[in-house]
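> Need coordinates for the following:
(one chain, ligands or ions: 1)
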Amino acid sequence: MSRGRREAARGKVVEMKNIVILISGSGSNMAAIVRSARREGWDKSQGARIAAVISNRADAAGLVFAREQGIATAVVDHKRHATREAFDAELAAAIDAHQPSLVVLAGFMRILTPGFVQRYQGRLLNIHPSLLPAFPGLHTHQRAIDAGCKVAGATVHQVTSELDHGPILEQAVVPILPGDTAEKLAARVLTQEHLIYPRAIAQLLPRL
Ligand code: GRF
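Residues are numbered from 1 along each chain as shown. Sure, this is the predicted structure:
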């Protein structure tokens with residue numbers, strides 16, 4: 001008899017910690033999280049599972065990977081909504097269908113309304129490709145190069161209503177090398193994103 005059935009037979013309700021990941025594009029962070037969970041088993045060992053991947057773009061390449069992995073996918077197209085509030089309401093409905101303990105923004109390129117952020121307060125994570133609080137917003141790599149920074153990096157943080165702010169869970173630092181372009185630096189930072197995002201999630205799960 002499985003653990004779930006055994007505990008159900010004893011009248012104990014076993015709740016899975018569902019993780020919902022939001023993407024907009026290539027989804028390499030999402031894939032890194034899925035691969036890390038499969039490889040290291042930190043999801044199963046903590047009664048968690050990656051329940052769904054949701055994209056605001058139907059052509060997001062990451063959706064193909066998620067489907068191949070047998071993960072439920074959904075598309076909530078922001079262009080079909082006149083306001084951010086209307087989009088966020090449909091997005092929240094798609095997320096809540098999976099009763100998530102954790103919502104993970106992984107290259108999700110939409111600004112979320114305060115109401116949405118509040119709904120998932122304490123269980124909404126983001127990764128940003130800079131050493132926050134430096135360089136919130138777009139074009140972080142070019143801005144770091146232009147500022148003459150010697151290091152750059154990535155940050156996993158809890159989401160608050162202020163863009164790219166909130167309690168920091170993990171950071172990684174990479175050097176900025178002579179002759180770096182934004183593309184070269186982005187690629188170097190991305191390899192670190194793939195390491196720190198799964199780690200941050202695995203470490204947060206016991207507290208959810
Ligand atoms: C990452 O650099 C992430 O930090 C930023 O957008 C990029 C998305 O990459 N927000 P991917 O979709 O996870 O490949």
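> which phi and psi does residue 159 have?
phi -90, psi 130 (degrees, to the nearest 10).
> Please name the nearest non-neighbouring residue to it.
Leaving aside its sequence neighbours, residue 159 sits nearest to residue 124 (CB to CB, 6 or more residues apart in numbering; 4.2 Å). All C-beta spots, glycine's among them, are computed from the backbone N, C-alpha and C.
> quick one: that neighbour from residue 158, how far?
Noted for residue 124: a distance of 7 Å to residue 158, by CB to CB, to the nearest Å.
> Show me which of these two is the more surrounded one.
residue 124 (23 against 19; other CB atoms under 10 Å).
> Show me what the more buried one bridges to in the sheet.
residue 103 (DSSP bridges).
> For the residue nearest to residue 159, list the residues it contacts.
102, 103, 105, 117, 158, 159 (CB atoms under 8 Å, 6 or more residues apart in numbering).
> Report the two of the residues you listed separated the most.
102 and 117 (14.3 Å; CB to CB).
> between these two, which one's more packed in?
Between residue 102 and residue 117, counting by other CB under 10 Å, residue 102 is the more crowded of the two (21 against 17).
> which ones are touching that one?
17, 18, 19, 20, 48, 123, 124, 125, 201, 204, 205, 208.
> could you point out which element follows the worst-scoring helix or strand of the chain on mean pLDDT?
Every helix and strand of the chain was ranked by mean pLDDT, DSSP states H and E. The lowest is helix 3-9, at a mean of 49. With elements assigned by DSSP states H and E, the helix or strand that comes after helix 3-9 is strand 17-23.
> which helices and strands does that next one pack with?
The criterion is 3 or more CB pairs under 8 Å, 6 or more residues apart in numbering; DSSP states H and E, and the helices and strands that strand 17-23 contacts are helix 28-40, strand 48-55, helix 84-96, strand 100-105.
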